[in-house]
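Q: Okay, here's the prediction I keep looking at, along with the sequence it came from:
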Amino acid sequence: MSIVLVHVSVKPEKVADFINVTLENARNSRLEPGVINFDLIQEEDEGTKFIIFEEYANKSAANQHKDTRHYRVWREAVMEMMAEPRKGIWFNRVVE
């Protein structure tokens, strides 16, 4: 299992737009084979900070996700919404 936490800092005036396009991407991503979980979480104290929690069966499924139309649409849409470049950090599940 492969897990990536994508840290995103959004411009304050773009938070609602970011949430909308990211939730659409998440809905479509959950339909992909090999996607186990795909969630958007928002920092409680600072509403412009988000983590996209992506859980895949394997790295191949993660790579296939990046080839989907909905991912490419999302990536293009959020580019100007971010206050700084997003950062993805990969993890492996330790406990089953």
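A: That came through fine.
Q: going forward, measure contacts and count neighbours with C-alpha atoms only.
A: OK.
Q: which residues does the residue positioned nearest the centre of the chain contact?
A: Closest residue to the average C-alpha location of the chain: Ile52 at 3.6 Å, with C-alpha atoms, centre = their mean. By C-alpha atoms under 8 Å, 6 or more residues apart in numbering, the residues touching Ile52 are Val4, Leu5, Val6, His7, Val8, Phe38, Asp39, Leu40, Ile41.
Q: how about the helices in this protein?
A: 15-29, 59-65, 69-78 (DSSP state H).
Q: Need these in TSV (columns: distance to Val95 and mean neighbour count).
A: Shown next, in TSV, are the helices of the chain (distance: least, C-alpha to C-alpha, whole Å; neighbours: other C-alpha atoms under 10 Å):
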stretch	distance to Val95	mean neighbour count
helix 15-29	24	17
helix 59-65	18	15
helix 69-78	29	15
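Q: right, and those - which one's nearest Gly47?
A: With respect to Gly47, and counting by C-alpha to C-alpha, the nearest of those is helix 15-29 at 7.8 Å.
Q: Show me the beta-bridge partners of Ile52.
A: For Ile52, the beta-bridge assignment (DSSP bridges) gives partners Val6, Leu40.
Q: how about low-confidence regions in this structure?
A: Counting by pLDDT under 70, the chain has low-confidence residues at 96.
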